[in-house]
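1. quick one, structure for this:
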Amino acid sequence: MVVVIALAVCWSCSGEATDVPEDTVERDVFMGAYVDLRVAALSSETTEIEGDARDSILAAYGVTGEELTQFIDTYGENVEFMRDLWTEIEGQLSERLEQNARNEENEALEED
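-> Here you go, the predicted model:
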């Protein structure tokens, strides 16, 4: 029994995604959509964005909310892949938020 559990743990942490459905969205599409959705939510000072704004962002990437969830379900057990993904997403979010802050500063200066 211990061997079976050990093998299951090793398999889940092996970094290999198995049985990836062909219709799973690409990594870059997931990242772009996720970053845009988070920036929109943070810009509205809530954790959620309006349905129309959400739908517009998803449509721009050609994905649905369900497809984003499927991406997480597909790769969620691939620890290395997900670590790298969230690290990159965090960097992109930081860059976008910093750029938005600079843009707001510039707009405020132009109004004065």
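
2. make it CA atoms for all contacts and neighbour counts henceforth
-> OK.

3. can you pull out the residues in contact with the helix or strand harbouring residue 30?
-> Using DSSP states H and E, residue 30 maps to helix 27-43. For helix 27-43, the surrounding residues in contact (CA atoms under 8 Å, 6 or more residues apart in numbering) are 47-49, 53-54, 57-58, 61, 68, 71, 85, 89, 92-93, 96-97.

4. 6 Å - rerun?
-> The contact list for helix 27-43, computed with CA atoms under 6 Å, 6 or more residues apart in numbering, reads 47-49.

5. low-confidence ranges in this structure?
-> Regions of the chain meeting the criterion pLDDT under 70 cover residues 1-18, 112.

6. residue nearest the centroid of it?
-> Per CA atoms, centre = their mean, the C-alpha nearest to the average position across the chain is that of residue 34, at 3.6 Å.

7. the chain: helices as residue ranges?
-> 2-12, 27-43, 51-61, 65-75, 79-111 (DSSP state H).

8. highest average neighbour count across those?
-> Comparing these by mean neighbour count (mean count of other CA atoms under 10 Å), helix 27-43 ranks first with a mean of 17.

9. brilliant, that's me finished.
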